[in-house]
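> what would the 3D arrangement of this be:
(2 chains)
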Amino acid sequence: MRVWKFGDNIDTDAIIPGRYLVIYDPWALATHAFEGTRDEFAQNAREGDIIVAGKNFGCGSSREHAPLALLGAGIKVIIARSFARIFYRNAINVGILPLVCPEAGTIEDGAVVTIDLDAGFIESGGRKMPIEPVPAFLKEIIDAGGLVGYARKLEKVKTCTESQ
Amino acid sequence: MASTLVEKIFSRRCARDVRAGDVVMAPIDMAMIHDITGPLAVQKFQEMGGRTVFDPGKIVLLFDHQVPADSISAANNHVFLRKFAREQNIENLDGREGICHQVVMERGRAAPGDIIVGADSHTCMYGAAGAFATGIGSTDMGFVLKFGVLYFRVPETIRVTVGGKFPGRVGPKDLILEIAGKIGADGATYQALEFTGETFRTMDMPGRMTCCNMAVEMGAKAGIVPPDDVTWSYLKGRRDITPFLLASDENASFSMEYSFDASRLTPRVAVPHNVDQVVDVAKVAGTHIDQVFIGSCTNGRFEDLKEAADVLKDGTFHPDVRVIIIPSSRTEYLKALKAGLIERFVSAGALVEAPCCGPCMGGAFGLLAPGEVSLSTSNRNFRGRQGSTDAFVYLCSPATAAASAMKGEITDPREV
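Predicted coordinates:
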């Protein structure tokens, strides 16, 4: 388990280039993750590795191929200073846990990170860093392993038009 | 209590008072899917146990990213979606109409007060029609196809007020690039951008579409222009709807306020590799270019093509520049044809392609080799967006694109 460190504004075109959007299989997508910008990721990323990034991770296109490519590469957790909103939802929906950590920038490439979700912090290099709590309504989707698992359990959805 | 325009849209559809920060499961008035994100959305819909879609009449389905099919995989995706459309009784516009966002607008499928989702990030363009419209991923779309609702965190609103008249050869694209440069690539994350002020009130629908289209480049969930006479008259003949008042209250609370003066604007260029790296055209004038692309959901409408043609006049494009021009829809293509614009572009040396996303998609055609430079009227200049990760993409207005295509280097359109 290691950290793959990235900078600010990593866009979904960088995560998975447009020419691979005809592919939907996470493992096939993973072989092209960060192609041309960080080729060693697809070659060396292992199950359980963690991506740590700066602000606005996953900006740009709504392509769900981006979190799927990372999932296929074995990534289950992404820690960033902030996320672009569509990517944030997509990550949760496909079963990746996006964690917001204001001090993510201090974590080094190749480092090891331990996560204590319940206590609300991560630890790396002997440093404890707080993470923002995951909004309660998203917690249910995360606990179901993603939106598909969540949806399968739903008989009917209570919409905002119905009395609360 | 005073509300923003976006809070009002959610309150209206939820039939109760909804505030920014609330999480609501809101009904969806229209859902759009295309050939790239559609197949996965359908797959997720089926994995969720979906058998019949919530309402075929509320779904817009078309192909625009890879038309005509540029690979066997793309052709297969088209076949898959055609079959789904037939089974589900969804009207399939296939690959003949143009870019999804343009087609949605011109068919009146977005109107004031609507809550719309599209499996494409530039869905925020429909805010030009006064709708709350946002891009979502395929799994969210699978959920929408099944249940007809989706959870939203009602966003705070940043108000952007613009006054003044555009100087010659400066327009909405220069304005939105300027705004993106100021607000930054993540300056509006999770929030809505409300575009208001005299400049927006007098702006035509195509200009409003250009601006709302790029709201996502600042991280925004939606971009919206308060509906007014321009909106309602655009919708006439497209949508059976009675005009009503929909605007932020005078004392509504905004998370941030920005103001701009359009009369002081100069042509703007976003330089590689981020949309918020925006400079005055003078700063990059003389930069060698290999390819110019005029088109996309941001700037492929008749008015954009006209803006380029007005700069071109009877001139020709530089022989060392590949000029690719793509009208954003069949309707816009026909308008340009009838006005003689297409003939002028072709005579001047451009490659005019049938309506589609073109080079902006970075996979279909018009790709860049390492070291090459593209000047584009589209919305993103990310590294690798139009081909090689060692290529460079600059973003600008149709006028700047045309002037530069003539000279073979980035050029101030006011000097042509």
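> what's the first helix or strand after the longest helix that chain A contains?
Of all segments of type helix in chain A, defined using DSSP state H, the longest is helix A:85-94. Downstream of helix A:85-94, the first helix or strand assigned by DSSP states H and E is strand A:97-100.
> for chain B, tell me whether the lowest-mean-pLDDT helix or strand in chain A is touching it.
Lowest by mean pLDDT, DSSP states H and E among the helices and strands of chain A is helix A:136-143, with a mean of 90. Yes. Counting by C-beta under 8 Å from any C-beta of the partner chain, contacts between helix A:136-143 and chain B involve A:Phe137. Using the backbone N, CA and C atoms, a C-beta is placed for each residue, glycine as well.
> may I have the longest helix of chain A as CSV, with CA atoms only?
In CSV, the C-alpha atoms belonging to helix A:85-94 read as follows (Å, rounded to 0.1, in the frame of the first residue of the first chain):
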residue,chain,number,x,y,z
ARG,A,85,-18.4,17.8,-7.5
ILE,A,86,-19.3,15.4,-10.4
PHE,A,87,-16.2,13.3,-9.7
TYR,A,88,-17.0,13.3,-6.0
ARG,A,89,-20.5,11.9,-6.6
ASN,A,90,-19.2,9.5,-9.2
ALA,A,91,-16.5,8.2,-6.9
ILE,A,92,-19.0,7.4,-4.1
ASN,A,93,-21.4,5.9,-6.6
VAL,A,94,-18.8,3.4,-7.9
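> any idea what the closest residue to A:Lys158 other than its chain neighbours is bridged to?
Of all residues beyond its chain neighbours, the one nearest A:Lys158 is B:Met25 (6.5 Å), with distances taken as C-beta to C-beta, 6 or more residues apart in numbering or on different chains. Per DSSP bridges, residues listed as beta-bridge partners of B:Met25: B:Tyr151.
> let me see the contact set for B:Met25.
A:157-160, B:149-151 (C-beta atoms under 8 Å, 6 or more residues apart in numbering or on different chains).
> any stretches of chain A with poor pLDDT?
A:163-164 (pLDDT under 70).
> can you give me the strands in it?
Counting by DSSP state E, chain A has these strands, from start to end: A:3-5, A:50-53, A:77-80, A:97-100, A:113-116, A:121-124, A:127-130.
> tabulate those strands (a markdown table), appending distance to chain B and mean neighbour count.
As requested, those are arranged in a markdown table below (distance: least, C-beta to the nearest C-beta, whole Å; neighbours: other C-beta atoms under 10 Å in any protein chain shown):
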| stretch | distance to chain B | mean neighbour count |
| --- | --- | --- |
| strand A:3-5 | 17 | 19 |
| strand A:50-53 | 12 | 25 |
| strand A:77-80 | 11 | 24 |
| strand A:97-100 | 11 | 20 |
| strand A:113-116 | 23 | 15 |
| strand A:121-124 | 22 | 19 |
| strand A:127-130 | 20 | 13 |
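> quick check: which of those is nearest to A:Gly36?
For the strands of chain A, proximity to A:Gly36 was assessed by C-beta to C-beta; strand A:3-5 is nearest, at 15.9 Å.
> give me the helices and strands touching that closest one, please.
With contacts defined as 3 or more C-beta pairs under 8 Å, 6 or more residues apart in numbering or on different chains; DSSP states H and E, strand A:3-5 has these neighbours: strand A:50-53.
> the least confident helix or strand of chain A: how far from the chain's middle?
15 Å (C-alpha atoms, centre = their mean, to the nearest Å).
> kindly export it (C-alpha atoms) in PDB.
Listed next in PDB are the C-alpha coordinates belonging to helix A:136-143 (Å, rounded to 0.1, in the frame of the first residue of the first chain):
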ATOM      1  CA  ALA A 136     -24.800  11.800   6.400                       C
ATOM      2  CA  PHE A 137     -26.900  11.200   3.300                       C
ATOM      3  CA  LEU A 138     -23.900  10.000   1.400                       C
ATOM      4  CA  LYS A 139     -22.900   7.600   4.200                       C
ATOM      5  CA  GLU A 140     -25.800   5.300   3.300                       C
ATOM      6  CA  ILE A 141     -24.600   5.100  -0.300                       C
ATOM      7  CA  ILE A 142     -21.100   4.400   0.800                       C
ATOM      8  CA  ASP A 143     -22.200   1.700   3.300                       C
END
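> would you mark the buried spots in it?
A:138, A:141-142 (16 or more other C-beta atoms under 10 Å in any protein chain shown).
> ok, B:Leu395 to chain A distance?
Look at B:Leu395 and chain A: by C-beta to the nearest C-beta, to the nearest Å, they are 13 Å apart.
> now that residue: phi and psi?
Recorded main-chain torsions at B:Leu395 are phi -110, psi 140, according to degrees, to the nearest 10.
> hmm, back to that, filter the contacts of B:Met25 down to the buried ones.
A:157, A:159-160, B:149-151.
> any chance of those in a markdown table, with distance to B:Arg96 too?
Formatted as a markdown table, these follow (distance: C-beta to C-beta, whole Å):
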| residue | distance to B:Arg96 |
| --- | --- |
| A:Val157 | 35 |
| A:Thr159 | 35 |
| A:Cys160 | 37 |
| B:Val149 | 31 |
| B:Leu150 | 29 |
| B:Tyr151 | 34 |
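> pLDDT weak spots in the stretch 201-350 of chain B?
Using pLDDT under 70, the stretch 201-350 of chain B has no residue that qualifies.
> sorry, back to before: turn the strands of chain A into a markdown table, including distance to B:Ile326.
Below are those laid out as a markdown table (distance: least, C-beta to C-beta, whole Å):
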| stretch | distance to B:Ile326 |
| --- | --- |
| strand A:3-5 | 37 |
| strand A:50-53 | 34 |
| strand A:77-80 | 35 |
| strand A:97-100 | 35 |
| strand A:113-116 | 45 |
| strand A:121-124 | 46 |
| strand A:127-130 | 47 |
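> just to check, B:His78 is in contact with B:Phe63?
Yes. With contact defined as C-beta atoms under 8 Å, B:His78 counts as touching B:Phe63 (5.7 Å).
> alpha carbons only: can I get stretch B:21-34 in CSV?
Extracted in CSV, the C-alpha atoms of stretch B:21-34 (Å, rounded to 0.1, in the frame of the first residue of the first chain):
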residue,chain,number,x,y,z
GLY,B,21,-27.5,23.3,2.0
ASP,B,22,-30.7,21.2,2.2
VAL,B,23,-30.5,17.7,0.7
VAL,B,24,-33.5,16.9,-1.4
MET,B,25,-34.7,14.0,-3.5
ALA,B,26,-36.0,16.1,-6.4
PRO,B,27,-38.1,15.1,-9.4
ILE,B,28,-36.4,15.3,-12.7
ASP,B,29,-38.1,17.1,-15.5
MET,B,30,-35.7,16.0,-18.2
ALA,B,31,-32.7,13.6,-18.5
MET,B,32,-30.3,13.6,-21.3
ILE,B,33,-27.9,10.8,-22.3
HIS,B,34,-25.5,10.5,-25.3
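> all good on my end, thank you.
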